[in-house]
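Chemist: Structure for this input, please:
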Amino acid sequence: MAPAAFDWIDVAPIRRQPPRSAHIESIASALSVGDFVVISCDATSCSTASSEDTCKKLNVGRIIDIDDDRVKCRVNWWIKPSEEPIISPHIPTVSPTRCQFIVACGVPELVQTMDCKWVLASDVVNIAFVFHIDTVANLSFDCYGMRNGFFCRFRYNKGAGDVLLEELSYSSFDPFDGGELLCSKDDGTVRTVSVSYPSRIWYGIQSIRRTLLDPILNRQAQHQSTSQSASGYACMEAFLYLYRNLEQSTVHFLSVKRCQTLRWPDLSVSSASKTWDVALLRIDTKEALSELKGTIGVRAGIGIRKRLFGRHERVLAMAGDVTNFVTLLNDEEDSSSDDGRPPTLRTRKQGIDFVYFLESSTMSVRIRFQRTSVKDEVVQDYLTDASKGLRTTYNNTTTGAAHISVGTPFQFDGKVLFVSQVDILNNIVVGYEENNDGSSFGDPYLINYAQALEGIRQYSL
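Modeler: Numbers count the residues shown, from 1 in each chain. As a prediction, the model looks like this:
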């Protein structure tokens, strides 16, 4: 029986002028129609106040309407294929192209459904970032390692027991569809301001990562200090987003005195000291670093020293590469974590500091790391820990990278492949099919590291 006809306009965001929004207490900001959110719902209902005794489940949805009182939001649900057994067999595997990288790395997939529900605004616990597969594959939106980062390809129409999958159009899918406002300035000019809170957060944290974190961790100099800093503009919303999502970090509010150099029109130079109010967000434990990786990306604490990561290319980490690596101890392993002294901006303990200057809206990122090789055991432990929670299959496999070498045969998707590269940093293996003469042919297969280990075991049987 053919699926019943369904008009997807019924689950499209409802546009109003000006765009309608609702204040969400958990994120201390307003969300508008078109934003993706993470919702904590009771197992029975989401339209009544949540009880502490009821079972809670986190769901991803898109706000398509907000009531007049700004108390409830109508949400269109987006689910993982594994949550709906009826559609799992119908989801095709990603073809062996660069798109397969996001699956190999474990970026979860969401599928749009026809289901909608009114939920309380107070049940929204966080925002989500959902991107089309094409934009994730070309690194326009790189959400690898982010807890709330997803990619999408399909929407499904269910009816009379049948399933019909429809491809989402790349050109019509907007991950930040919250609307825009025209704001006039005092000088008479008009500028466009995005209403979408997730849009402002995404570009804010990506700016921090690409202009502050990556230039430090991926410096190419052979000889460099293992304690470095970089400064630049950062919006306060992005810093507050880090503050709310990094619960294991330590936060201090300090007053620091800095000397400013003043240059006058007559070319004279003078200096004056000024006291600045700063907020210090310190990542100094393994748990805090794990949260940071889940918030802004898995490479938050490690970088390859020999070359920079390009914005639209993947750099594979090979055994023997030299890295800048942040080594952190647990609290019980660190004897200097509680020495009774007041917190300061200066410390010798390895970690990452986000120092936000409240008056000037600038941020200084300070990283203390060590120089080490990818093949070192401590780095492999870090990379194994970084991939936990990302692998949707073979979650119990945590074998070290030394067990896979170039040229090893393994089975994948009914074919025999041979390992050509092992990317330890991203936990993936690159494999090719080979002719009888040993030459490779066809497109490369990018496969999750744990899945490749399972393929080696199957080949040996």
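Chemist: and F253, how far is that from L281?
Modeler: F253 sits 10 Å away from L281, going by C-beta to C-beta, to the nearest Å. Backbone N, C-alpha and C define where each C-beta goes, glycine included.
Chemist: Which residues are in contact with V107?
Modeler: Neighbour list for V107: V136, C143, Y144, G149, F150, F151, L390 [criterion: C-beta atoms under 8 Å, 6 or more residues apart in numbering].
Chemist: gap between the two ends of stretch 69-82?
Modeler: Start-to-end span of stretch 69-82 (C-alpha to C-alpha, to the nearest Å) is 36 Å.
Chemist: Can you name the residues in contact with that stretch?
Modeler: So stretch 69-82 is contacted by 11, 20-23, 31, 36-37, 39, 47, 59-67, 87-88, 91, 108-113, 115-121, 124, 130, 150, 152, 392 (C-beta under 8 Å, 6+ apart).
Chemist: Any idea how far the helix or strand hosting Q421 is from the middle of the chain?
Modeler: Q421 is located in strand 415-423, with elements delineated by DSSP states H and E. Put simply, strand 415-423 sits 27 Å off its chain's centre (C-alpha atoms, centre = their mean, to the nearest Å).
Chemist: Buried subset of the contacts of stretch 69-82, written for PyMOL?
Modeler: To isolate the buried ones among the contacts of stretch 69-82 in PyMOL, judged by 16 or more other C-beta atoms under 10 Å, type:
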select buried, resi 11+20+21+22+31+36+37+39+59+60+61+62+63+64+65+66+87+91+108+109+110+111+112+113+116+117+119+120+121+124+130+150+152+392
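Chemist: now, which of the contacts of stretch 69-82 lie within strands?
Modeler: Of those, the ones assigned to strands by DSSP state E are 21-23, 31, 36-37, 39, 59-66, 109-113, 115-120, 124, 130, 150, 152.
Chemist: what pairs with the residue nearest to P215 when sequence neighbours are not counted across the strands?
Modeler: Excluding its sequence neighbours, the residue lying closest to P215 (C-beta to C-beta, 6 or more residues apart in numbering) is A230, at 5.9 Å. Counting by DSSP bridges, A230 forms beta bridges with V365.
Chemist: Just confirm A230 contacts R210, I think it does.
Modeler: No. Counting by C-beta atoms under 8 Å, A230 does not reach R210; the two are 11.1 Å apart.
Chemist: Now for the residue located most distally from the centre of the chain: which residues touch it?
Modeler: The C-alpha centroid of the chain is most remote from D266, which lies 50.1 Å away (C-alpha atoms, centre = their mean). Residues counted as contacts of D266 (C-beta under 8 Å, 6+ apart): none.
Chemist: Secondary structure class of it, three-state.
Modeler: Using DSSP: H, G, I helix; E, B strand; the rest coil, the secondary structure recorded for D266 is coil.
Chemist: E454 now?
Modeler: Three-state call for E454 (three-state DSSP): helix.
Chemist: ok, now how distant is it from V326?
Modeler: In terms of C-beta to C-beta, E454 sits 31 Å off from V326.
Chemist: Neighbours of L165, how many?
Modeler: Neighbour count for L165, taken as other C-beta atoms under 10 Å: 14.
Chemist: Would you mind measuring from the residue sitting nearest the centre point of the chain to L292?
Modeler: Residue closest to the average C-alpha location in the chain (C-alpha atoms, centre = their mean): M146, at 2.5 Å. M146 sits 11 Å away from L292, taking C-beta to C-beta as the criterion.
Chemist: got it, and I14?
Modeler: 36 Å.
Chemist: Looking at those two, which one has more neighbours?
Modeler: L292 (25 against 13).
Chemist: helix, strand or coil for the more buried one?
Modeler: Of the three states, L292 takes helix under three-state DSSP.
Chemist: and it, what does it touch?
Modeler: L242, L246, S249, I283, A300, G301, I352.
Chemist: Which residues does the helix or strand where the first one lies contact?
Modeler: This means L242. If you go by DSSP H and E, L242 is part of helix 236-245. Applying C-beta under 8 Å, 6+ apart, the contact partners of helix 236-245 are 27-29, 126, 197, 200-201, 204-205, 207-208, 251, 279, 281, 291-292, 294-296, 354, 356, 358, 361, 363.
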